[in-house]
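A.B. asks: mind looking at a prediction? Sequence and model below.
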Amino acid sequence: MKIIYADFIYTPKGFIANQAVAFTDTIQEVGTLEVLETKYPDANIIKTEPNSVLFPGFINTHVHLEFSANKTSLKYGSFMPWLDSVIEHREDLVGSCDNAMMMGECEAMLRSGITTFGAISSFGNELEVCEKAPQRVVFFNELIGSNAQYADMLYGDFMERVKASMSCEKSSYITPAIAIHSPYSVHPIILQKAVNVAKEHKLPLCAHFLESQAEREWLEHGEGELKGFFKKYFNTETPVTNIQEFMYAFDTYPTHFTHCVQANQVELDYLAQKGHSIAHCPRSNRYLGVGRLPIENLKLPFTVATDGLSSNDSLSIFDEMRAAILLHNDIPIQELATSLLKSVTSDAADILGLNNGRIEIGKLADFAVVTLREAPKREEEIALWAVLHTKEVSKVFVGGEHF
Ligand code: BEZ
Ligand code: FE2
């Protein structure tokens, strides 16, 4: 048994002072240090520095590790030139991204307090790193392929990857999961088969959806910047699906949709009604010039996520939350900081079906300790000070182990 004490403990309803947590690989009890020490006299006591806040470990629901080599190769500013640059540099970038580089990024995430991440994997290359990473990993095997001619072959390869990730479930912190690349890049027949697999095995499911104006125009009218792209690379001039058909394919299974910046109110309401959620990637959206997700009006739960280094400059969850503070400049700042912290803890855990994200008896003992630079003068500002001042967390635990 271990007991950790911090000046404040984060809960989704606010911060509580002068409490300690007794834990093994799961949380056993929350109470005062005196009571817990008496009850567990042999426990190892972990005292944190003054002005520390104990958070549940943070959850980054959406990251592409395979693009970790990108620094200045991909073109930022606008979606279509970026996608063209991905096609141009993809092989080099993925080829130069080895396990050591991906592990370095897992460690960088850990230092920012991320104890669980959702890894979107196109080829399965990340599986070995994700098995060895200190974190829990929701391993999203991605399905891609709009061309009906190759669909069966691509689906077969996808299912092999799903099975490989299922086989590591027992020996590691991996949760197998399914990702649909996007409405424009996945044929509806294999899309439905993949959704059925997620449903049958109760696997977390995610999909990029309505990230750009170009995607919207292509799906709605078969026009716009994606038209030239499909003509050039796929010799086709018609989209394989439309917005409604794509959304309806997920009707019976809650899905984590990434971006949705170009979704209109009717579509957002539909997603909310069907029990879906959104992964919001503020820096990725800004760097690719696709617009701002109006999180102030959302009626469905959302997470804040980094996306990959293909559209970002770091995988730090605190860098991401600070970007969200600046991007959503009309939302009252204290309220926004509070909702961002909830989005990367309890909401993210509920969305991915994980037994963490809250400091409560029975939850997994995943923690991140944030140490404020001085005592907070007003308790209602702790969320904001934590978001603004944290570059790295001072301690991190996964499954009760200190890393
Ligand atoms: C496709 O297979 O249709 C596709 C792949 C990558 C980007 C866009 C489309
Ligand atoms: Fe993404």
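C.D. replies: On my side now, so go ahead. Ligands and ions are numbered 1, 2, ... in the order given.
A.B. asks: could I get the contacting residues of the residue in the stretch 1-150 of the chain that ligand 1 sits nearest to?
C.D. replies: Residue of the stretch 1-150 of the chain nearest ligand 1, by Cβ to the nearest ligand atom: residue 146 (3.2 Å). No exception for glycine: its C-beta is placed from N, CA and C like everyone else's. Contacts here follow Cβ atoms under 8 Å, 6 or more residues apart in numbering; on that basis residue 146 touches 184, 185, 186, 187, 234, 236, 240.
A.B. asks: which helix or strand contains the closest residue to residue 180 other than its chain neighbours?
C.D. replies: Once flanking residues are discounted, residue 180 sits nearest to residue 207: 3.9 Å by Cβ to Cβ, 6 or more residues apart in numbering. Applying DSSP states H and E as the criterion places residue 207 in strand 205-209.
A.B. asks: so which of the contacts of residue 146 reach ligand 1?
C.D. replies: Restricting the contacts of residue 146 to those adjacent to ligand 1 (criterion: Cβ under 6 Å from any ligand atom) gives 185, 234.
A.B. asks: ok, and the most crowded of the contacts of residue 146?
C.D. replies: Most neighbours among the contacts of residue 146, by other Cβ atoms under 10 Å: residue 186, with 29 neighbours.
A.B. asks: list the contacts for it?
C.D. replies: 143, 144, 145, 146, 180, 194, 240.
A.B. asks: one more: residue 66?
C.D. replies: Residue 66 makes contact with 93, 94, 97, 102, 121, 122, 123, 125, 126, 308, according to Cβ under 8 Å, 6+ apart.
A.B. asks: ok, residue 98 next?
C.D. replies: By Cβ under 8 Å, 6+ apart, residue 98 has no neighbours at all.
A.B. asks: so which of the contacts of residue 66 sit within strands?
C.D. replies: Among these, the members falling in strands (DSSP state E) are residue 121.
A.B. asks: among the contacts of residue 66, which two are most distant?
C.D. replies: 93 and 121 (14.7 Å; Cβ to Cβ).
A.B. asks: in this protein, which helix is the longest?
C.D. replies: In the chain, with assignment by DSSP state H, the single longest helix is helix 148-167.
A.B. asks: now it: average pLDDT?
C.D. replies: For helix 148-167, the mean pLDDT works out to 97.
A.B. asks: same deal with stretch 110-126?
C.D. replies: Rounded mean pLDDT across stretch 110-126 is 97.
A.B. asks: buried stuff in stretch 255-265?
C.D. replies: Within stretch 255-265, the residues scored as buried using 16 or more other Cβ atoms under 10 Å are 255, 256, 257, 258, 259, 260, 261, 262, 263.
A.B. asks: partners of the fourth one in the sheet?
C.D. replies: Each beta-bridge partner of residue 258 is listed here: residue 208, residue 279, as defined by DSSP bridges.
A.B. asks: hang on, the earlier thing: which of the contacts of residue 186 fall in strands?
C.D. replies: When these are checked against strands (DSSP E), the matches are 143, 180.
A.B. asks: ok, so of the contacts of residue 186, who is nearest residue 113?
C.D. replies: residue 180 (28.9 Å).
A.B. asks: for the closest one, give me its contacts.
C.D. replies: 142, 143, 186, 191, 194, 195, 205, 206, 207, 208.
A.B. asks: pick the one among those residues closest to ligand 1.
C.D. replies: Distance to ligand 1, by Cβ to the nearest ligand atom, is smallest for residue 186 among these, at 7.4 Å.
A.B. asks: how close does the most centrally placed residue in the chain sit to residue 196?
C.D. replies: Centroid check for the chain by Cα atoms, centre = their mean gives residue 61 as the closest residue, at 1.4 Å. Going from residue 61 to residue 196 by Cβ to Cβ, to the nearest Å gives 22 Å.
A.B. asks: who in this structure is up against ligand 1?
C.D. replies: So the chain meets ligand 1 at 144, 145, 146, 185, 234 (Cβ under 6 Å from any ligand atom).
A.B. asks: any idea how far the residue lying closest to the last one once chain neighbours are set aside is from residue 126?
C.D. replies: Taking Cβ to Cβ, 6+ apart, and ignoring the residues beside it in sequence, residue 234 has residue 147 as its nearest neighbour in space, at 6.1 Å. With distances taken as Cβ to Cβ, residue 147 is found 25 Å from residue 126.
A.B. asks: what about the two, which has more around it?
C.D. replies: Per other Cβ under 10 Å, whichever of residue 147 and residue 126 has more neighbours is residue 126, with 25 against 15.
A.B. asks: need the contact list for that one.
C.D. replies: Contacts for residue 126 were tallied using Cβ under 8 Å, 6+ apart; they are 65, 66, 102, 119, 139.
A.B. asks: which one (most neighbours) among these?
C.D. replies: Sorting these by how many neighbours each has (other Cβ under 10 Å) puts residue 139 first, at 31 neighbours.
A.B. asks: partner strands of whichever strand or helix holds that one, parallel or antiparallel?
C.D. replies: Per DSSP H and E: residue 139 is located in strand 136-143. Listed by DSSP bridges, the sheet partners of strand 136-143 and their directions read strand 114-121 (parallel), strand 174-180 (parallel).
A.B. asks: and the helix or strand following the longest one, what does it pack onto?
C.D. replies: Tracing the chain past strand 114-121, the next element assigned as helix or strand by DSSP H and E is helix 127-132. Counting contacts by 3 or more Cβ pairs under 8 Å, 6 or more residues apart in numbering; DSSP states H and E, helix 127-132 is packed against helix 99-111, strand 136-143, helix 148-167, strand 174-180.
A.B. asks: possible to save these as TSV with distance to residue 315?
C.D. replies: Shown next, in TSV, are the helices and strands packed on helix 127-132 (distance: least, Cβ to Cβ, whole Å):
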stretch	distance to residue 315
helix 99-111	5
strand 136-143	13
helix 148-167	21
strand 174-180	17
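A.B. asks: so what touches the helix or strand containing residue 272?
C.D. replies: For residue 272, the host element (DSSP H and E) is helix 265-273. Residues outside helix 265-273 that contact it (Cβ under 8 Å, 6+ apart): 210, 243, 247, 257, 260, 263, 278, 297, 298, 299, 300.
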